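In: Sequence and predicted structure are below.
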Amino acid sequence: MYTYLLRRVLLLIPTLLIVSVIVFLSVRLIPGDVIDVMFAQMSVSGRSNLPSREALEAALGLDRPLHVQYLSWLGDIVLRGDFGDPLMAIEPVAVLIRQRIGVTLELGAMAIIVSLLVSVPVGIYSAVRQDSVADYLARSLAIILVSVPPFWTGTMVMIYPSVWWGWAPPIELNPLVEDPFGHLGHVLLPAVVLGTALAGLSMRMTRTMMLEVLRADYIRTAWSKGLSERLVVIRHAVKNATIPVLTHVAVQLPVVIGGAVIVEEIFQLPGMGRLLVDAVGRRDYPLVSGINVVFAAVVVLVNLITDVTYSWLDPRVRHE
Amino acid sequence: MSSASAPEPQPRGSGFLAFLGELVRRKPAGAVFGSVVLIMLFAGLFADQLAPHDVNAVRMTDRLQPPSATYWLGTDQLGRDLFSRLMHGARISVTIGLTATTLSTGLGILIGVPSGFLGGRLDIAVQRFVDAFMAIPGILLLITIMSLVGPGMLQIILIVGTYSGVQASRVIRGAVIGIKENAYLTAAEAIGASRLKILLRHVLPNVVPPVIILFSTTIGYVILAEASLSFLGFGLPPEIPSWGGMLSDEGRRYMERAPSLAFWPGFCLALVVYCLNMFGDTLRDLLDPRLRGASGRMSGRGVRQIAPRAPRAAS
């Protein structure tokens, strides 16, 4: 177990380093004419306190050699949790991210719960009644959910209730501590939109895993002991079939985050996703790199935790 | 397909036409989904000739019209015909879908085949890069880079194609590793075939079916990626009628007065991606010999009633 854990953590380090290089390079290889545009934009908006184009380049760290920029950027993050200063806001990047990350975590967690609540029962039923009408309906539903873009369902949810019944989702988000139910109720609708979009893949996964497990020898033994269908399916099969589904949720995390960006934009939720879209729109690249690196680190760490949990739940994995 | 991967007798005839015949005979529903995709392709390619109105003709007197005999789905805030714009939107999606997917699949093969076939240190190193790319949520990286290079068709194709190519390489690597485990590969090694010969004669032909399946599903992914980017305002410039951009620009701004402006572009997107996914599933059933055997014997009628009780994998 410990050697497995150690190997996983060691493999993580190069991945995280490469992630940081990709995130770093994706904004530092900024073309010169974009800096001109940025400087013009910032002068017009009056939000900038940078007097000249050279000052802007210095703020972006472009006046130093590339490797020096990278090492100091990464060093600040790793050693001091300092993500630098944004170009167009007063608080440091780390503070802005801390203010916004809660809403996104909430939205993501609720969306994953919604998706599992829908997909696991349907997937199990679909597998147990393989090739029945219900199974065909469930499989078509899964592909529909995969195909329908969340930015469409989200927009439809914004539009049609207000056109038909004059009801629109609330725009102002109350803080969790002041109005917990109003707050969760507000996040619930976006979470359902995002969750149903995620449910399709988990549904297919659950069905496939269930079918595989239902063919296993120990299930045949369970049947031959004369156990009821309920016991065989729920006590014996579901337990083993759902572990890979949970791993799959972790693998899907980048999709959850990408979906959260879009859903936050539609429902005007003040999360990291909207912070990112705004930052990209204003070309506030120090802020953009900060957000991207945080999201990527979350993905890598959650995947590590899932792998370790998985190997703890299913000892076979460790001995590969 | 080489004969090695298909233990069952080959279908009558050979080549593309025979495959089409088999498709229609064995998977009529799949053929229907394929046809919808073809209709979209056709509508997109010939949008200039087929569209009832000029796509960018502004008629301020006819703005935000409801559907009528002249304007089948109504008009937008500039009096432009929605139906004609949707047809041109199909062209955008088709163009980006096909080109970016070709790039993606090519890149996927270029990374995935060596990584899976050679294995060892090369594989470990390459996979760390792939891990890193897959850890960064696609949309984040895509909007960041798109904001640097500016909106445009070529930019989207290159960036989305490259990003999804890295993801595709994972699937292709998996397929190659799966092929390497087959007994016939050990047999080929045993009779002294060179590694190059094994790669060319045994591995590459067997990678073709998964690549075809991957291609069909990647098109859907790429189309949705472009639509998401255009929806967020980082994709195509607003004058180009992309479905994602139409949904975001016209659709959301005029959503109370003309909700259909948001409905139809999203509906077209969902329909095309749905049909592509269903068609991809059909291809998988037809091309994956392992599933072919399973679906033929195991899922026949009469098995269902005792399905949970019958040990399916009779060993």
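Out: Yep, it's here.
In: Show me where chain A has its helices.
Out: Under the criterion DSSP state H, chain A carries helices at the ranges A:2-28, A:32-45, A:53-59, A:66-80, A:93-128, A:133-147, A:150-165, A:180-214, A:217-224, A:229-230, A:239-251, A:253-267, A:272-282, A:285-313.
In: Mean neighbour count, distance to chain B and mean pLDDT added to those, as CSV?
Out: (C-beta placed from N, C-alpha, C; glycine too.) Below are the helices of chain A laid out as CSV (neighbours: other Cβ atoms under 10 Å in any protein chain shown; distance: least, Cβ to the nearest Cβ, whole Å; pLDDT from 0 to 100):
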stretch, mean neighbour count, distance to chain B, mean pLDDT
helix A:2-28, 16, 4, 84
helix A:32-45, 14, 6, 72
helix A:53-59, 16, 15, 75
helix A:66-80, 13, 14, 82
helix A:93-128, 20, 6, 91
helix A:133-147, 18, 4, 90
helix A:150-165, 19, 3, 83
helix A:180-214, 21, 6, 87
helix A:217-224, 15, 4, 88
helix A:229-230, 10, 6, 84
helix A:239-251, 18, 9, 83
helix A:253-267, 24, 4, 91
helix A:272-282, 24, 5, 89
helix A:285-313, 20, 5, 86
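In: Present those as a markdown table; the columns should include distance to B:A168.
Out: Shown next, in a markdown table, are the helices of chain A (distance: least, Cβ to Cβ, whole Å):
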| stretch | distance to B:A168 |
| --- | --- |
| helix A:2-28 | 18 |
| helix A:32-45 | 30 |
| helix A:53-59 | 37 |
| helix A:66-80 | 29 |
| helix A:93-128 | 24 |
| helix A:133-147 | 17 |
| helix A:150-165 | 23 |
| helix A:180-214 | 17 |
| helix A:217-224 | 35 |
| helix A:229-230 | 41 |
| helix A:239-251 | 15 |
| helix A:253-267 | 15 |
| helix A:272-282 | 25 |
| helix A:285-313 | 19 |
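In: Quick one: mean pLDDT for stretch B:268-275?
Out: Computed over stretch B:268-275, the mean pLDDT rounds to 91.
In: Can you tell me, leaving aside adjacent residues, what's nearest to the spatially most central residue of chain A?
Out: Note on chain A: the residue nearest the mean C-alpha position is A:I257, at 2.5 Å, using Cα atoms, centre = their mean. Distances taken as Cβ to Cβ, 6 or more residues apart in numbering or on different chains place B:P137 nearest to A:I257, at 4.1 Å, with adjacent residues excluded.
In: ok, back up a step: need the contact list for the residue nearest to the centre of chain A.
Out: When contacts are counted by Cβ atoms under 8 Å, 6 or more residues apart in numbering or on different chains, A:I257 touches A:T104, A:G108, A:G273, A:F295, A:V298, A:V299, B:P137, B:I139, B:L140.
In: please redo it, this time with the cut-off set to 7 Å
Out: The neighbours of A:I257, taking Cβ atoms under 7 Å, 6 or more residues apart in numbering or on different chains as the test, are A:G108, A:F295, B:P137.
In: any idea which of those residues is the one closest to A:K225?
Out: Ranked by distance to A:K225 (Cβ to Cβ), the contacts of A:I257 are led by A:G108 at 41.9 Å.
In: Thought A:V261 was touching that closest one, still the case?
Out: No: when contacts are counted by Cβ atoms under 7 Å, A:G108 is not listed as touching A:V261 (10.7 Å).
In: Next one: the residue nearest to A:I257 relative to A:V300, how far apart?
Out: When Cβ to Cβ, to the nearest Å is applied, the distance between B:P137 and A:V300 equals 12 Å.
In: cool, B:A18 as well?
Out: For B:A18, the distance to A:V300 - Cβ to Cβ - is 47 Å.
In: give me phi/psi at the nearest residue to B:I198 once chain neighbours are set aside?
Out: What sits nearest to B:I198 in space, not counting adjacent residues and going by Cβ to Cβ, 6+ apart, is B:A188, at 5.3 Å. Backbone torsions for B:A188, taken as degrees, to the nearest 10, come to phi -60, psi -40.
In: number of nearby residues for the closest residue to A:M38 other than its chain neighbours?
Out: Counting by Cβ to Cβ, 6+ apart, A:R283 is the residue found nearest to A:M38 once chain neighbours are left out, at 4.9 Å. By the measure other Cβ atoms under 10 Å in any protein chain shown, the count of residues near A:R283 is 20.
In: Same question for B:G192, what's its three-state structure.
Out: coil (DSSP: H, G, I helix; E, B strand; the rest coil).
In: Then B:G79?
Out: B:G79 ends up coil, using three-state DSSP.
In: B:I240 now?
Out: coil.
In: residues touching it, list them.
Out: Taking Cβ under 7 Å, 6+ apart as the test, what B:I240 contacts is B:I92.
In: Could you pull up phi and psi at it?
Out: Dihedral angles (degrees, to the nearest 10) for B:I240: phi -80, psi 130.
In: what do you get for B:T75?
Out: Residue torsions, per degrees, to the nearest 10, at B:T75 are phi -130, psi 160.
In: Mind pulling up the pLDDT for it?
Out: The score at B:T75 is 76. That number is its pLDDT.
In: and it, what are its bridge partners?
Out: Counting by DSSP bridges, B:T75 forms beta bridges with B:D81.
In: sorry, back to before: so the residue nearest to A:M38 makes contact with A:F39?
Out: No: A:R283 lies out of contact with A:F39 (Cβ under 7 Å); the separation is 10.1 Å.
In: Common neighbours of the two, please.
Out: Contacts common to A:R283 and A:F39, judged by Cβ under 7 Å, 6+ apart, are absent.
In: For the closest residue to chain A within chain B, list the residues it contacts.
Out: Using Cβ to the nearest Cβ, the closest approach of chain B to chain A is made by B:G266 at 3.0 Å. When contacts are counted by Cβ under 7 Å, 6+ apart, B:G266 is found next to A:P149, A:W152, A:T155, B:L247.
In: quick check: angle from the helix or strand it falls within to helix A:133-147?
Out: Taking DSSP states H and E as the criterion, B:G266 maps to helix B:260-287. Helix B:260-287 runs at 120 degrees relative to helix A:133-147, counting by axes from the mean of the first three to the mean of the last three Cα atoms, to 10 degrees.
In: how far does helix B:260-287 sit from the chain's center?
Out: 9 Å (Cα atoms, centre = their mean, to the nearest Å).
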